[in-house]
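K.L.:
structure, please.
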Amino acid sequence: MKVDYRNAILVHDFALIKHEGNLAGLIETTPEADTLLIVSVAVEPTRQGQGLGRRLMSYAEDLARSRGLKRTRLYTNKLFDKNIKLYASLGYQVDREEALNGGVAVHMSKPLP
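P.N.:
Model prediction:
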C-alpha cells in the first residue's frame with residue numbers, strides 16, 4: 001500500500017491504545033459530510049482477541065456522535081473474513097462491494113442513534 005502518512009497525520013484523527021508503553025492498537029478516522037470514515041483500524045497481532053478492536057470501534061462511534069455525525073463507515077478487503085464478521089457483530093451492514101486494486105473491497109456502514 002502507498003499511504004502518505006505525513007499528510008494523514010495532519011488531516012486525519014488518530015487514537016492510540018498503549019500497553020506497558022508500547023503501541024497495542026490504533027484507529028484512524030476522518031469526517032466526510034454526515035459520516036465518520038474509519039480509514040484504518042489495527043491491533044498488534046499478539047494483542048488481538050482481547051477486545052481492543054472493539055474498543056477502538058466504539059471510540060470511533062462515540063467520536064462521530066460527539067460531532068453530530070449520523071453514521072460511521074469503513075471498507076475492508078473481502079478476503080478479511082474475520083474483520084467482516086467482527087464489523088457485522090458490531091452492527092455494521094454491507095452496503096456494496098467493488099473491485100479495487102485487483103481485489104474486492106467490501107463497504108460497510110452503521111447508522112448511529
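K.L.:
would you report the backbone torsion angles of Arg73?
P.N.:
phi -150, psi 160 (degrees, to the nearest 10).
K.L.:
how many neighbours does it have?
P.N.:
Using other CB atoms under 10 Å, Arg73 is surrounded by 16 other residues. (Glycine included, C-beta is placed from N, CA and C.)
K.L.:
now the strands for this structure?
P.N.:
Along the chain, the stretches classed as strands by DSSP state E are 13-19, 22-32, 35-43, 71-77, 93-100, 103-111.
K.L.:
surely Thr35 is in contact with Arg71?
P.N.:
Yes - contact criterion CB atoms under 8 Å: Thr35 and Arg71 qualify, at 5.1 Å.
K.L.:
what touches both of those two?
P.N.:
Common contacts of Thr35 and Arg71, defined by CB atoms under 8 Å, 6 or more residues apart in numbering, comprise Ala64, Ser109.
K.L.:
winner for burial among the strands of the chain?
P.N.:
strand 35-43 (a mean of 20; mean count of other CB atoms under 10 Å).
K.L.:
what's that strand packed up against?
P.N.:
strand 22-32, helix 52-66, strand 71-77 (3 or more CB pairs under 8 Å, 6 or more residues apart in numbering; DSSP states H and E).
K.L.:
quick one, it and strand 22-32 angle?
P.N.:
Per axes from the mean of the first three to the mean of the last three CA atoms, to 10 degrees, the angle that strand 35-43 makes with strand 22-32 is 160 degrees.
K.L.:
report the angle between strand 35-43 and strand 103-111.
P.N.:
120 degrees.
K.L.:
could you pull up the mean pLDDT of strand 35-43?
P.N.:
Mean pLDDT, strand 35-43: 96.
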